[in-house]
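Colleague: what follows is a predicted protein model with its sequence.
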Amino acid sequence: MPKKNHVGGKRPAKNYDPSYGKRPAKGGPKAGSRSPGHRGFRPEVEDAPRQKNRWDADDRAARSGARDERAPRRFDRDDRAPRFNRDERPAAGRGDREGRPARFDRDERAPRFNRDERPARGGDREGRPARFDRDDRAPRFNRDERPARFDRDERAPRRFDRDERAPRFNRDERPARGGDREGRPARFDRDDRAPRFNRDERAPRFNRDERPARFDRDERAPRRFDRDERPAAGRGDRDGRPARFDRDDRAPRFNRDERPARGGDRDERPARFNRDERPARPAFGERSERPARFDRGDRPERPSHGDRGARRGGYQPQDDVVLERLEAEAIQAEDVEGKTFGDLGLGGNIVNALAELGAAAPFPIQAATIPVVLEGRDVLGRGRTGSGKTIAFGAPLVERLMENGGGKNRRPGRLPRALILAPTRELALQIDRTVQPIARSVGLFTTQIYGGVPQHRQVGALQRGVDIVVGTPGRIEDLIEQGRLDLSEVNVVVLDEADHMCDLGFLEPVQRIIRNTADDSQKLLFSATLDKGVAALVNEFLENPAVHEVAGEDQASSTIDHRVLVVEHRDKDRILEQLAGRNGKTVIFSRTRAYAERLTEQLEDAGVFAVALHGDLNQAKRTRNLHQLTSGRVDVLVATDVAARGIHVDDIDLVIQADAPDEYKTYTHRAGRTGRAGREGTVVTLIPRSRRRRMEELLSRAEISAEFVDAFPGDDIIDEIAGRVPTRAQLEAKTAE
DNA sequence: AAAAAAC
């Protein structure tokens, strides 16, 4: 330290009084050996003549030395931090900070990203990997924002941030720097930093964080989005807990050991709570019967909404039990007119929160299920895509917690009392964005528990105490197994996309999770395609469920126009380009991740900005790319079925199925990304001639009628579907021909 | 057969 300061400082001894004055004074063996030999004495002796001599004679040496240190400051803030940190670390106490190196890496990362991205911007995209290009795109739109965001995201979340505040300054300054890069420092910095610091630090880093750098990125990005997307919500979490988050996270670790103890309490608490709070619950005895009934019937093969509505009570005997009740509870759109959320039994705060969310008056499915959920009954809700199911279960769920809660619910460390499960992370996030504001309006907290991001934040939130957990099965079960998530006091469980949650691969984890909730917890199952597939869950967990749907939800009342284009395989790419190169938000579905990826690149090459969404992307990219569409920075999203269900993006007016779906339910859900809340939309499915028959059958099962048309690149029908009005380029082209 | 869901 002193040496550096001295050399770098090239200033009068004043600055070094503390260390300098002492050394010579001590004159001890150590001080003497060091300082006198090298800089220790020089400075003082030279002090008098110093400045001049130095500037002249020592100039070069000093400067060279100084450069090493100063250059970094000016050019490379990244460098600086690292160096200073090095020196400081020992003092700071390495024990805890072995993790720090990570910071350095972060600093370096940004640069790296920039490098890759910049060239891309340059316009050499073609040469690069498809993935990079995508990343670049965002930059194009967000140039200014990205770099900054990445940096912020990475550090903010970290507990190290506090210590690293210096680095933060760097962040802020970097952006500017980014601009200057080209001129100079960029190269310098790169050479200096990355090689040395990174190599050494990286290895250790992996150990510390446990995760590779990539994971870190993922973790941070998501956060950033949270902020952007959930201004209110994001802060909501922070209002009470903000700065403490990091700290809290650490504590959790220590608490780990303590939790086991909790486990012991679980058995007791849950039981008591449940019994006391939900005495009204129906007896278990009936379970075995009802489920069975549900099992038999519901929708044997392909029951149609239309049929149902048309012939009430005309169902097969086995279905009668369920269906009859269903019919009895079916709500007519007319019945909803004039009703308010308050009329349905929701409190003022919740009603206001809903209004702020844009829900002024209840939709049919909401009017149908909210009162029943408030009664405490198990509910099966079926409302078509975009009909408002999230609020249908979210609002009454919060109201229920309020009724059963009381002040004791705010105590730190309280266990969650409601659980909402969703099949994808994006959907879980989306649900939370709706439920959180509602919960916050009455002082309740929610937290998201899903994979792909570090768990410490999630665990920290749980330890502080939350009322509603929203998440995906994997991470939830993981945390349960770790003893960090106790669902024993959960007395309301919601399964969104319930039928999908009963699919192979989901069912068992979901069952195990539900078994961790209170025995008599209220179960709410919702889906646009709710069918007998949920029998497995209904049989085991639901009691005398009320089944609700909205009458008249058939294609005749739909706002979606369905088309099928029969195309030659070789024409597929060009037709997709023609379709996607439109104005307006478009979602393209592919059957595989690889094709989604390839198609995204292909569209890029064709000049159509597009982003991908599939399970091969890290969570940061998934979140970011989806946000690109919602924010309007990009109009085209190419996705696998990860985006088929539940995802709501305003104003998607065209859904393109580059690959036809295999199941009618998949068709229904994909198509449901458009035509939401009564808006109009178009769904176009591309199929090879050989698939025509199969497609017709699928549409029949989905109770959808669509026009089949042979199409070739350039055909008017394609432009028509894309919503192009024959003007501009098109007219010119035709004129030219 | 694929996709999703933990690390």
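Modeller: Done, it's in.
Colleague: and after the helix or strand harbouring residue A:392, which helix or strand comes next?
Modeller: Using DSSP states H and E, residue A:392 maps to helix A:389-404. The helix or strand immediately downstream of helix A:389-404 is strand A:418-421, counting by DSSP H and E.
Colleague: restrict that next one to CA atoms and write it as CSV.
Modeller: C-alpha atoms of strand A:418-421 as CSV (Å, rounded to 0.1, in the frame of the first residue of the first chain):
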residue,chain,number,x,y,z
ALA,A,418,-51.1,-20.0,0.1
LEU,A,419,-49.4,-21.7,-2.8
ILE,A,420,-49.8,-21.0,-6.5
LEU,A,421,-48.2,-23.6,-8.8
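Colleague: ok, that strand: who's next to it in the sheet?
Modeller: strand A:468-471 (parallel), strand A:492-496 (parallel) (DSSP bridges).
Colleague: returning to that earlier point: tell me which other helices or strands the helix holding residue A:392 touches.
Modeller: Helix A:389-404 sits against helix A:348-356, helix A:364-375, strand A:379-382, strand A:418-421, helix A:425-440, strand A:468-471, strand A:492-496, strand A:522-526, with contacts defined as 3 or more C-beta pairs under 8 Å, 6 or more residues apart in numbering; DSSP states H and E. All C-beta spots, glycine's among them, are computed from the backbone N, C-alpha and C.
Colleague: can you name every helix or strand that the next helix or strand after the fifth one contacts?
Modeller: Under the assignment DSSP H and E, the closest C-terminal helix or strand after helix A:425-440 is strand A:446-449. In terms of contacts (3+ C-beta pairs under 8 Å, 6+ apart), strand A:446-449 is packed against helix A:425-440, helix A:456-464, strand A:468-471, helix A:473-481.
Colleague: what about 10 Å?
Modeller: Contact partners of strand A:446-449 among helices and strands, from 3 or more C-beta pairs under 10 Å, 6 or more residues apart in numbering; DSSP states H and E: helix A:231-240, strand A:418-421, helix A:425-440, helix A:456-464, strand A:468-471, helix A:473-481.
Colleague: between the last one and helix A:425-440, how many degrees?
Modeller: By that I understand helix A:473-481. Here helix A:473-481 points in a direction 60 degrees away from that of helix A:425-440 (axes from the mean of the first three to the mean of the last three C-alpha atoms, to 10 degrees).
Colleague: and for helix A:473-481, what's in contact with it?
Modeller: The contact list for helix A:473-481, computed with C-beta atoms under 10 Å, 6 or more residues apart in numbering, reads A:419, A:421-423, A:425, A:428, A:448-453, A:455, A:458-459, A:462, A:469-471, A:484-487, A:501, A:505-513, A:516.
Colleague: can we see that at 8 Å?
Modeller: For helix A:473-481, the surrounding residues in contact (C-beta atoms under 8 Å, 6 or more residues apart in numbering) are A:419, A:421, A:449-451, A:455, A:458-459, A:462, A:469, A:485-487, A:501, A:506, A:509-510, A:512-513, A:516.
Colleague: can you give the domain ranges for chain A?
Modeller: Under the assignment automatic domain parsing, the domains of chain A span A:2-74, A:79-240, A:259-549, A:558-736.
Colleague: can you get me the start-to-end distance on the last one?
Modeller: Using C-alpha to C-alpha, to the nearest Å, the gap from the first to the last residue of domain A:558-736 comes to 40 Å.
Colleague: what average pLDDT does it get?
Modeller: Per-residue pLDDT over domain A:558-736 has a mean of 93.
Colleague: tell me how far residue A:335 lies from DNA strand B.
Modeller: Remark: distance between residue A:335 and DNA strand B (C-beta to the nearest atom of the strand, to the nearest Å) = 36 Å.
Colleague: what about that residue, how many neighbours?
Modeller: Neighbours of residue A:335 under the rule other C-beta atoms under 10 Å: 14.
Colleague: for it, which non-adjacent residue is spatially closest?
Modeller: Distances taken as C-beta to C-beta, 6 or more residues apart in numbering put residue A:367 closest to residue A:335, at 6.9 Å, once the chain neighbours are dropped.
Colleague: tell me who's in contact with the one you found.
Modeller: With C-beta under 8 Å, 6+ apart, residue A:367 has these contacts: A:331, A:335, A:336, A:339, A:344.
Colleague: and residue A:602, by the same measure?
Modeller: Residue A:602 touches A:573, A:576, A:577, counting by C-beta under 8 Å, 6+ apart.
Colleague: residue A:551 touches residue A:330, doesn't it?
Modeller: Yes - the pair residue A:551 / residue A:330 is scored as a contact, 4.7 Å apart, by C-beta atoms under 8 Å.
Colleague: the two: which is more packed in?
Modeller: For residue A:551 and residue A:330, the more surrounded residue by other C-beta under 10 Å is residue A:330, and the numbers stand at 22 against 19.
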